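Trainee: predicted structure and sequence below. I'll ask about it afterward.
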Protein chains: 2
Amino acid sequence: MNKSLEQEISSMLPLFQPESIAIIGASSNPAKPSGQPLVALTSCGFKGQVYPVNPKYKTLLDLPCYPSLRDVPGKVDLAIIAVPAKLTLPALHDCATKGVKSVIIFTSGFAEVGPEGARLQQEIAFAAKEAGMRICGPNCMGIFSARNALMANFAITELPERVLVPDFLGFISQSGGFGAAIYEMIKDRGFGFSHFVSTGNEADLEFSHYLGYMALDPHTKVIGGYLEGVKDGQKFLQAADLALQHKKPVLLLKAGRYPVAARAAASHTGAMVGSEKVYNAVFKQKGIIRVESLEEFQVMLAVLAGGNLPRSNRTAILATSGGSGVMLADKCAHYGLEVVHLQEQTRAQLDDILPEFASSANPVDITSAIMTQPGLLEQCAEIVINDPNVDILITAFWAVHGDRSNLEQMIRVGKRAQKTVLNLVWGPEQVSREVINLLNEHLIPAAREADFSIKALSALAKYRQFTETRQQVPTGLPAIPPDAKQRASSILLGKPPGTSFSEYSAKQVLRAYGIPTTRESLASSPDEAVQAAEAIGYPVAMKIMSPDILHKTEAGGVILNVTSAGEVRECFDRIMANARAYKQDARLEGVLVQEMLPAGTEVIVGINRDPVFGSTVVAGLGGIFVEVLQDVALRVVPVSPADAAAMLEELRGAKVLKGLRGQPPADTKAVLDIILRVSRLAQDFPQIAELDINPLLVFPEGGGACAADALIITG
Amino acid sequence: MNKSLEQEISSMLPLFQPESIAIIGASSNPAKPSGQPLVALTSCGFKGQVYPVNPKYKTLLDLPCYPSLRDVPGKVDLAIIAVPAKLTLPALHDCATKGVKSVIIFTSGFAEVGPEGARLQQEIAFAAKEAGMRICGPNCMGIFSARNALMANFAITELPERVLVPDFLGFISQSGGFGAAIYEMIKDRGFGFSHFVSTGNEADLEFSHYLGYMALDPHTKVIGGYLEGVKDGQKFLQAADLALQHKKPVLLLKAGRYPVAARAAASHTGAMVGSEKVYNAVFKQKGIIRVESLEEFQVMLAVLAGGNLPRSNRTAILATSGGSGVMLADKCAHYGLEVVHLQEQTRAQLDDILPEFASSANPVDITSAIMTQPGLLEQCAEIVINDPNVDILITAFWAVHGDRSNLEQMIRVGKRAQKTVLNLVWGPEQVSREVINLLNEHLIPAAREADFSIKALSALAKYRQFTETRQQVPTGLPAIPPDAKQRASSILLGKPPGTSFSEYSAKQVLRAYGIPTTRESLASSPDEAVQAAEAIGYPVAMKIMSPDILHKTEAGGVILNVTSAGEVRECFDRIMANARAYKQDARLEGVLVQEMLPAGTEVIVGINRDPVFGSTVVAGLGGIFVEVLQDVALRVVPVSPADAAAMLEELRGAKVLKGLRGQPPADTKAVLDIILRVSRLAQDFPQIAELDINPLLVFPEGGGACAADALIITG
């Protein structure tokens, strides 16, 4: 990165807040991409200058039309290019000459159609960079901003008629058509868009730029997006950090979870797709909410618009039949909302007003008494919502044609509520949709589908918890020795990419960063080996050290439990002979004499490099957990203490560390410390392509951990 | 069971097809449970006699009202009891005297309110049994049947106005209120109910009876239900078999997956809830489709009503934007639908009519050309549907206000299709709902939510596959030795419940059923031990045998790798001494001398007893798979060869059996054989409360398997 993301964002102002727009290839046909922006900009009240450019016309929609850009009288902040692919580069050169600051290229026929298009796209990107212009597109639908009626797109050509929540959602889409569809559905529910961007092929500006822009934009409260792949992982991380700093939830529909879809996405925009596991890690680390359906997205927006983010996952259910309460309790448990015990006092208050056959235990079953006792729903909701154990109230009731009493009760409850209230409204579709719409008009969250709604609440509760944890002063970063980087450099640097470092060298690097390893010494003769063994104390292990022998056991290069000087000499000679027999021209560094460790829990910790996001730290349990279950956790660097703790928590084998069948718990603190040290190592040396500490032996609590074997490969 | 389920079902005819109905406690108030059936039966055209019974009135709704049941002139097939709880038993006695054949009891205040109510409920059940009457309820909403306008309930009081699919769904609900809500939502979509039953407390007739009734009922095509718990597991299995025989899909919303919901369900109807794992096994074994939301349920009904069950999971996606195709491909992969490769010819045909920037690869992206090329959607759909690789077509298009062209194209496609076609219709809610409703009116499946829809398709594809596999002649049941039961009886029978059988006895039982065990012999003296060891061959293992010592190792009662006669004598004495020291009064059967087995994969196979469904067979991998991951598969007996194969497939550690890191695959055939033999043993001896073969050592393919240790407990 040459420029900080914030600098880059300031260069995007002419794109989002232009005072003058030229449309190159303009027409007045409202059915064509070349005509839509002109029609929309003039009809929707855009305040700046609009200059149609097209040699075919003298005027368009009563505006003077210019034969070329250089004939435009004033300055041009933004040019929209809507000419065929082969005319795009010349048009861009015209923009450069004119001093245009930003360009939206609708035109397709670039990277998405093959190698030739990709070359043309590179030329475009180069020309724009040279001239200091920012590009949105090519192959995009452009940009819509509500405040300044910026209709610089061919997807959204009218200002929405009915906006319940203005200045709300900024949306970024890597699919034009799907993005436009999402826009329509969200708009239809009355949520206002601050901006909508179709990013196209991202020849210059990419998803992360827009994400960063919206993070800083005062008129955007929530950021949403449809994402197929990130180009520059670091930029994305920076943009996500900006959103966190400015307390803006980021809700992303991320496609390509499964290979079949990832392949389709890759062919769709030619995006680098990257590893699903790494995306998930990044989302966790940056508090990004992964959205899996539009329905879920809408519920999240409704809760965010209502302004009461769940303070925790502690939930009460208020249903009008026992069965629906049971079903909702199942859904809550499934998605991680805790169905809490209500306080004694709450239950007593409920029992006072509920009929005998109702249930005041959570899920509360207020029964069909809702139909005969006016105001019962509101009273029960108030009682439950005041229970200090409860942060989320989910009500489920029945919409009856022509009867607004439940609706009115829940509007009153919703308006007073300082906690999250979600209303599930069931009944014949038409009637329940009407009730839901009326509740939503008062910004009171309501939906029909229990499944999506409860999933959405759970995601928001996790998000809020994440942001709160993040505000706490981080503690627990280990003290790295001041000379660590220098000591590791002397080992790692100056070697060609692809170098494998032997266990001996790799462990020196680990020790430099304060990671405990076996006590050991490299011996180049039987005498040195005996000396080493006596210093370490018997029994010892002896291993061949050679950059050319990766599988030491296979080469007959490992002997364990060597107990005397005589044996050490004998083993030294045997190991060297085996190694030579195994690989005649192997470079032999000598024999590593090493302490024998007591038994411990086998853990692996390491570094992997992701093509998009760079270095990642991985951790898992050894043996079948890794081999059979691929049970490893992963985070991009830098890994925080909270990240490290979450990594161990998410392992399916987490129980093993807690101590199986009466065994003492393992020293997880030591593992966490080592994960953080490894993260620092990865930060200091991005050239490490792979580090495997395997196994890291972890001893019972307080006993620490020790790297028993290690390997580093640079790249 | 004294009666077969089919006999019981025939006793339910007067309940569902009564020629005369008495309403005890009748009123003419249509707002009260006591008034609703009278009003509804008279207004909806019930063809039989209706006799209101209530000493307070002379007539009700122009019908003569009788002071008591004995004053009713004709015979009474069905009585509805709607009097307070304390008057219910006398009313039931009146019914018995009158010769009534079936009774629906609306009244609540029984098992659901506590022990006293439960006692009253027992008395009711007893009285009905004595008199040969069948009871629906108490604490239920009753029964509705469409064909004969049987409005014997207080939930559904009008015949539906608009029925697109008559004689379709039979629905059974263990929650009155929730069931009624489900009824309304399903009815609203035009699906006709053959019957709707609210089962209440199930004092007599239970969920399974109604399930069986509907399986045999010619006017029911599909059976649905809301289930909290089954009372008699065997009856449920029989009813599910009847549904399979009559090719009726059973779709159940089963509540209580999570403990918090299960507890709520238990307190809700007082039902025995049973183990979630066992319910899942039963559903798999009987092809029951587990439904997790009403939305999913509606999509399933739409596909079933359309008549084209998915022939397989092989799916093509036709979307109007790249992004939505990618998202749908993700959903398909998530729920187990295969996004297939289209044939060359299909792609060529698509390429002929699609614009260049479209994609003919699955997911097919027909792009916005759908708006400019009339008929393109229909043409593409036809081409894709004719691809032999495709059994399911999912289209996603955009509903545009006032434009019916997509709708009309997809109606034509849907009507011609011999394969499953599902239309996802997106757009502003109002418009897309209208289009969906119009498609559904032509019985063409359509929905808005991708997630639910794809989940539903996948479940139906699995169901169809299940029914087809089931029709194949089953092979692979092992030949059990004819004297197996007799030999096992001589060991297992005549002992008090709770008896633990030692390894030695347990293995004799296994051998009787043809399950290989270690060669071994029980020695009661050092001489016998030596004799046994010589016969088996050295080395041997030696283990204490005592019904009072379950943890042999802990007692110092196991010595492995004994290699000579001298050692055998020594070990015999040591083991006996250790055992006496460990537990002074332990009954010592002697020392088991056993062959030492070579290394193998450790598997566990066993029997567990479920309180609802009886004996189940469990299988899993040993070690951390069981201890940490609880990775065991389970089926109720009898286990079929297909069930056994599915058990091993569903283990997360299945890979281990297939051979890790170049190791040869384990002899899974031997494991399957043993599972089936254990199933037969469980069938023959329901008194086995627990059998653990742990470990069953499994050798490489062709090498068989061998029970290394075993334990049986009866109960």
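Mentor: Alright, I've got the coordinates.
Trainee: now the residue sitting nearest the centre point of chain A: phi and psi?
Mentor: Nearest to the mean C-alpha position of chain A, by C-alpha atoms, centre = their mean, lies A:F283 at 2.0 Å. Note on A:F283: backbone dihedrals following degrees, to the nearest 10 are phi -60, psi -40.
Trainee: that one touches A:R290, doesn't it?
Mentor: Yes - using C-beta atoms under 8 Å, A:F283 is in contact with A:R290, at 5.3 Å. Just so you know, the C-beta spots here come from the backbone N, C-alpha and C atoms, and that holds for glycine as well.
Trainee: so who does the residue of the stretch 401-550 of chain A found nearest chain B touch?
Mentor: At 4.1 Å from chain B, A:P428 is the closest residue in the stretch 401-550 of chain A, using C-beta to the nearest C-beta. Counting by C-beta atoms under 8 Å, 6 or more residues apart in numbering or on different chains, A:P428 touches A:399, A:401, B:184-185, B:188.
Trainee: one more time with 6 Å, if that's ok
Mentor: A:P428 makes contacts with B:184, B:188, as judged by C-beta atoms under 6 Å, 6 or more residues apart in numbering or on different chains.
Trainee: again with A:C44
Mentor: By C-beta under 6 Å, 6+ apart, the contact set of A:C44 is A:149, A:151, A:159.
Trainee: which one of those residues is nearest to B:G715?
Mentor: Nearest to B:G715 among those is A:L159, at 73.8 Å by C-beta to C-beta.
Trainee: any idea which element that closest one lies in?
Mentor: Using DSSP states H and E, A:L159 sits within no helix or strand.
Trainee: so A:I172 touches A:V197, yeah?
Mentor: Yes - using C-beta atoms under 6 Å, A:I172 is in contact with A:V197, at 4.9 Å.
Trainee: between these two, who's got more neighbours?
Mentor: A:V197 (31 against 25; other C-beta atoms under 10 Å in any protein chain shown).
Trainee: re earlier: Throw the contacts of A:C44 into a markdown table and include distance to chain B, thanks.
Mentor: Shown next, in a markdown table, are the contacts of A:C44 (distance: C-beta to the nearest C-beta, whole Å):
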| residue | distance to chain B |
| --- | --- |
| A:A149 | 21 |
| A:M151 | 18 |
| A:L159 | 16 |
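Trainee: which one (most neighbours) among those residues?
Mentor: Counting neighbours by other C-beta under 10 Å, A:M151 comes out on top of the contacts of A:C44 with 28 neighbours.
Trainee: give me the nearest residue to that residue, chain neighbours excluded.
Mentor: A:A40 (3.4 Å; C-beta to C-beta, 6 or more residues apart in numbering or on different chains).
Trainee: same deal with A:N280?
Mentor: In space, and not counting its chain neighbours, A:N280 is closest to A:R290: 7.5 Å by C-beta to C-beta, 6+ apart.
Trainee: tell me the SS of that neighbour?
Mentor: strand (DSSP: H, G, I helix; E, B strand; the rest coil).
Trainee: how about A:V603?
Mentor: Classified using three-state DSSP, A:V603 is strand.
Trainee: isn't it up against A:L696?
Mentor: Yes - contact criterion C-beta under 6 Å: A:V603 and A:L696 qualify, at 4.5 Å.
Trainee: for chain A, which spans come out with low pLDDT?
Mentor: A:1-3, A:267-274, A:473-474 (pLDDT under 70).
Trainee: can I see the domain layout of it?
Mentor: Chain A breaks down into these domains under automatic domain parsing: A:1-139, A:162-291, A:302-466, A:501-595, A:601-714.
Trainee: okay, and A:Q486 sits in which element?
Mentor: In this assignment (DSSP H and E), A:Q486 forms part of helix A:484-492.
Trainee: revised request: answer the last question for A:A642.
Mentor: Going by DSSP H and E, A:A642 is in helix A:641-650.
Trainee: again, but for A:A577
Mentor: helix A:565-582.
Trainee: same for that helix, what does it pack against?
Mentor: In terms of contacts (3 or more C-beta pairs under 6 Å, 6 or more residues apart in numbering or on different chains; DSSP states H and E), helix A:565-582 is packed against helix A:526-536, strand A:540-545, strand A:558-562.
Trainee: do that again at 10 Å, thanks
Mentor: helix A:526-536, strand A:540-545, strand A:558-562, strand A:590-595 (3 or more C-beta pairs under 10 Å, 6 or more residues apart in numbering or on different chains; DSSP states H and E).
Trainee: send me the first one as PDB with only the CA atoms.
Mentor: Presented in PDB, the C-alpha positions along helix A:526-536 are these (Å, rounded to 0.1, in the frame of the first residue of the first chain):
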ATOM      1  CA  PRO A 526      29.800 -38.300  18.700                       C
ATOM      2  CA  ASP A 527      31.800 -36.300  21.300                       C
ATOM      3  CA  GLU A 528      29.700 -33.200  20.900                       C
ATOM      4  CA  ALA A 529      26.600 -35.400  21.100                       C
ATOM      5  CA  VAL A 530      27.700 -36.900  24.400                       C
ATOM      6  CA  GLN A 531      28.500 -33.500  25.800                       C
ATOM      7  CA  ALA A 532      25.100 -32.200  24.800                       C
ATOM      8  CA  ALA A 533      23.400 -35.200  26.300                       C
ATOM      9  CA  GLU A 534      25.200 -34.800  29.600                       C
ATOM     10  CA  ALA A 535      24.200 -31.200  29.800                       C
ATOM     11  CA  ILE A 536      20.500 -31.900  29.000                       C
END
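Trainee: got the angle for that helix vs strand A:540-545?
Mentor: Taking axes from the mean of the first three to the mean of the last three C-alpha atoms, to 10 degrees, one finds helix A:526-536 and strand A:540-545 inclined to each other by 130 degrees.
Trainee: which residue packs closest to A:I21, ignoring adjacent ones?
Mentor: Distances taken as C-beta to C-beta, 6+ apart put A:L78 closest to A:I21, at 4.8 Å, once the chain neighbours are dropped.
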